[in-house]
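Asker: sequence and predicted structure are below.
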Amino acid sequence: MLDFLQVVKREPKPRQTGYSHVLDKGLGIRQVQDLLETAGEFIDIIKLGWGTGYVTNNLADKVAVYQKAGIPVCFGGTLLELAIAQGKFDDYRRTVKRLNLSHVEFSTGVLDMEIEKKAEFIRQLAEDFIVLAEVGSKDENVAVEPFRWVEEIKILLQAGAWKVIAEARESGTVGLYHQTGEVRLGLIEEIISAIDPEYLIFEAPQKRQQVWFLKQFGPSVNLGNIATDDVIPLETLRLGLRGDTMPDFQLKVWKPRSIIKDMSGNR
Amino acid sequence: MLDFLQVVKREPKPRQTGYSHVLDKGLGIRQVQDLLETAGEFIDIIKLGWGTGYVTNNLADKVAVYQKAGIPVCFGGTLLELAIAQGKFDDYRRTVKRLNLSHVEFSTGVLDMEIEKKAEFIRQLAEDFIVLAEVGSKDENVAVEPFRWVEEIKILLQAGAWKVIAEARESGTVGLYHQTGEVRLGLIEEIISAIDPEYLIFEAPQKRQQVWFLKQFGPSVNLGNIATDDVIPLETLRLGLRGDTMPDFQLKVWKPRSIIKDMSGNR
Amino acid sequence: MLDFLQVVKREPKPRQTGYSHVLDKGLGIRQVQDLLETAGEFIDIIKLGWGTGYVTNNLADKVAVYQKAGIPVCFGGTLLELAIAQGKFDDYRRTVKRLNLSHVEFSTGVLDMEIEKKAEFIRQLAEDFIVLAEVGSKDENVAVEPFRWVEEIKILLQAGAWKVIAEARESGTVGLYHQTGEVRLGLIEEIISAIDPEYLIFEAPQKRQQVWFLKQFGPSVNLGNIATDDVIPLETLRLGLRGDTMPDFQLKVWKPRSIIKDMSGNR
């Protein structure tokens, strides 16, 4: 990295904030090597989206390349949901251990499940793994009320989730967003009035969504479902090296906007 | 591939159904190697889209990499249309033979041609090659009536086409689809009331289009113009390893929907 | 490249027209090698978009791969804007020289600057480098009047810019275009009535925008912000090897359309 400019200072890895959670939906090994050589230090975790890891022919070799570079890998939550639906929870855990994966994602994007049962799964998983728990439905017709998001996030964190991911899918058109990709303002306002953003990862696959969260919460907001092609572009947004955030992070001192009313919320 | 789950069983290659026809619009050799190592078994044929094969500098080497992995390669139909327009049909055939390509695509997306002449070209090509014939215009202002699609598909199959591809372009906004990308329901209903889908490849470049066809016709529908980045994602859709099709293919037994009225059609 | 067809003849590199200005927003070295092997002859210059070059870990090695293939590389204009804003203009120049870059891009997409000051920067840069100057704001809410574009382009060329790039961003939704991606017809009409298109590079990241400019100005129009995946597709459009331009460049002799009223303009 060049160094003749003064840019936003990033927390070093492993970090609690400024976390970039990246979606790999089928890269080959040479592409992974390319990604790691150019941008490895900007990737905090790789998610093998939904069930893509299951069908990747050279999975073990590919995972090893990420691990050698010190980057944790986890399966998408959908794979675990299916394992649960088929009564294969133990096989799933064994597979994850065999691949030496340190993280798991637990979601209920497809399966219906009582909140107590979700908490119980997270408690079990947290004995062996770092758990990323996801909230929000993958169904664009399901718009969960904000207070239920808050309630669920608190319970999942208390059950042992390391952080909670707020759903948006690869498309960025459900969960946190309207079908147009616009942010659901009221929802986010309610969430962050109760939960410190440090415990949250906001899925933000579209550039305008990344820009929105960065302008709102600053360069160190945790963002998820970042496409592999967007790892370097996102880093430039975080550092104010792109037109969209340069005025905010370089030409003046960034300040939180009005949406943030009370970030002292308990967990 | 992992194997701790029960997933949809796929016909082995070479297969008549569950065919994934993939669009390469300019990959380099390392990208091809990556694709084959991770997902080679999910690719039934590679199309070098429109005239991209003509300008690819290292074409012969690239084709050889696909062929060594047992994957047939063919030029896009536009290249043959141009050869015909320039009176270079024989040069085209010689080039295809020199590259050891087993398949050709015959289309009339740009050229106007009488149906008898189309059939005559297919008869000639079928002597040497496996012929994929394409129906539908590339022009978004041309919406051919459903009964003409049916008539033409029947004639092209009778002339010796192995399967017929229903046009959508790389964008998925013409032919089978409205300009918005929505499926032209009436058109598809009329086609499959007369033609067994086994003889058809539906171009479906957009994910929502793939999901629509899979939910309608099941995991083994033949799909075309799949982007190379979408080979693994499509396979997860076929197997019910993604939220969009998991409820249909994993959580209950899939059944054809009402659109399919009569699939006993003759050819 | 195959050669059995008669296709549009391209000016050899280094060329003044038919220039393809390509946007690299973070490729790795293997991806660069793939791109060069398949399509190197169709790339006239590589722009490391906005500040992406600044954060690319293996920047020097990557630049060397392009340079070895004879392809000039330059930083995006945003990086220079930031250097200017931080009083690091000399450090920027030193870095560019150390990397042996022959070209620089000068823009004011974010910074406000008097036209005289812009001209002064270009005069200074032109002493050491080939200068691509960009006009147009990156802000979608700023629609500069056409006569100001013309005025500014003339001044920048007189100050020593080799060519002027007309802004559209990576998205193709500002500058030359409406927010929908549609061409701002009146703007382009006014520009090309005063400036010979040979001195202009039109940013046209979307395919429909490329097609529009090619149909309007012919196969040798200079186009910019071409995605690396679109280098081969663009070349097929230039040569009439894709349905969109085949009727114009292959099936009849291309003629400029009515928008072009007077291309004799002085500079």
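Answerer: Received it, and whenever you're ready, just let me know what you need. Bear in mind the structure is a predicted one, so any value in this text is a computation, not a measurement.

Asker: okay, residue A:258: pLDDT?
Answerer: Confidence at residue A:258, expressed as pLDDT, is 55.

Asker: before we move on, what about residue A:265?
Answerer: What the model reports as pLDDT for residue A:265 is 37.

Asker: enumerate every residue touching the residue of the stretch 1-150 of chain A found nearest chain C.
Answerer: Nearest residue of the stretch 1-150 of chain A to chain C (Cβ to the nearest Cβ) works out as residue A:34 at 2.3 Å. Every C-beta, even on glycine, is put in place using the N, C-alpha and C of the backbone. With contact taken as Cβ atoms under 8 Å, 6 or more residues apart in numbering or on different chains, residue A:34 is in contact with C:27-31.

Asker: residues in contact with the nearest residue to it once chain neighbours are set aside?
Answerer: Across the structure, with Cβ to Cβ, 6 or more residues apart in numbering or on different chains as the measure, the residue nearest residue A:34 apart from its sequence neighbours is residue C:28 (2.3 Å). The contact partners of residue C:28, taken as Cβ under 8 Å, 6+ apart, are A:31, A:33-35, A:37-38, C:58, C:62.

Asker: report pLDDT for residue C:28.
Answerer: Residue C:28 is assigned a predicted lDDT (pLDDT) of 98.

Asker: distance of residue A:206 from residue A:110?
Answerer: Counting by Cβ to Cβ, to the nearest Å, the gap from residue A:206 to residue A:110 is 23 Å.

Asker: helices and strands around the particular helix or strand that has residue A:83 in it, which ones?
Answerer: Counting by DSSP states H and E, the secondary-structure element that holds residue A:83 is helix A:77-85. Contacting helix A:77-85 under the criterion 3 or more Cβ pairs under 8 Å, 6 or more residues apart in numbering or on different chains; DSSP states H and E are the following elements: helix A:89-98, strand A:103-106, helix B:246-249.

Asker: is any residue of the longest one near chain B?
Answerer: What that stands for is helix A:89-98. Yes. In this structure, helix A:89-98 sits against chain B according to Cβ under 8 Å from any Cβ of the partner chain; the contacting residues are A:91-92, A:94-95.

Asker: show the buried residues in the residues you listed.
Answerer: The neighbour-count test (16 or more other Cβ atoms under 10 Å in any protein chain shown) applied to these identifies A:92, A:95 as buried.

Asker: could the residues of helix A:89-98 next to chain B be laid out in CSV, adding pLDDT?
Answerer: Written out in CSV, the entries for the residues of helix A:89-98 next to chain B read as follows (pLDDT from 0 to 100):
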residue, pLDDT
A:91, 98
A:92, 98
A:94, 97
A:95, 98
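
Asker: and the gap between the residue of the stretch 1-150 of chain A closest to chain C and residue A:52?
Answerer: Relative to residue A:52, residue A:34 is positioned 18 Å away (Cβ to Cβ).

Asker: up against chain B, what does the stretch 1-150 of chain A have?
Answerer: Residues of the stretch 1-150 of chain A that fall close to chain B, judged by Cβ under 8 Å from any Cβ: A:25-31, A:49-59, A:62, A:78-79, A:81-83, A:85-86, A:88, A:91-92, A:94-95, A:109-110, A:138-139.

Asker: please spell out the ChimeraX selection for the buried subset of the residues you listed.
Answerer: Selecting only the buried members of these in ChimeraX, with burial defined as 16+ other Cβ under 10 Å, works like this:
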select /A:25,26,27,28,29,30,31,49,50,51,52,53,54,55,56,57,58,59,62,78,79,81,82,83,85,86,88,92,95,109,110,138
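
Asker: before we move on, the earlier item: closest to residue C:100 out of the helices and strands packed on helix A:77-85?
Answerer: Comparison of those against residue C:100 by Cβ to Cβ identifies strand A:103-106 as nearest, at 42.5 Å.

Asker: in its sheet, what does that closest one sit against?
Answerer: Each strand paired with strand A:103-106, and its direction, by DSSP bridges: strand A:130-135 (parallel).

Asker: ok, then the element right after the partner strand?
Answerer: Next along the chain after strand A:130-135, taking DSSP H and E as the criterion, comes helix A:146-159.

Asker: residues contacting that following helix, please?
Answerer: Residues from elsewhere that reach helix A:146-159, judged by Cβ under 8 Å, 6+ apart: A:115, A:118-120, A:122-123, A:126, A:133, A:135-136, A:164, A:166, A:186-187, A:190-191, A:194-195, A:199-200, A:267.

Asker: ok, stretch A:85-100 next?
Answerer: A:59-60, A:63, A:67, A:73, A:75, A:79-80, A:83-84, A:104, A:111, A:121, A:125, A:128-129, B:2, B:4-6, B:250-251.

Asker: residue A:132 contacts residue A:101, doesn't it?
Answerer: No. If you go by Cβ atoms under 8 Å, residue A:132 and residue A:101 don't touch, sitting 11.7 Å apart.

Asker: more neighbours: which of these two?
Answerer: Using other Cβ atoms under 10 Å in any protein chain shown as the criterion, residue A:132 and residue A:101 rank with residue A:132 on top: 25 against 20.

Asker: the residue nearest the centre of chain A pairs with what?
Answerer: Nearest to the geometric centre of chain A sits residue A:224, at 3.1 Å (Cα atoms, centre = their mean). Note on residue A:224: beta-bridge partners by DSSP bridges are residue A:203.
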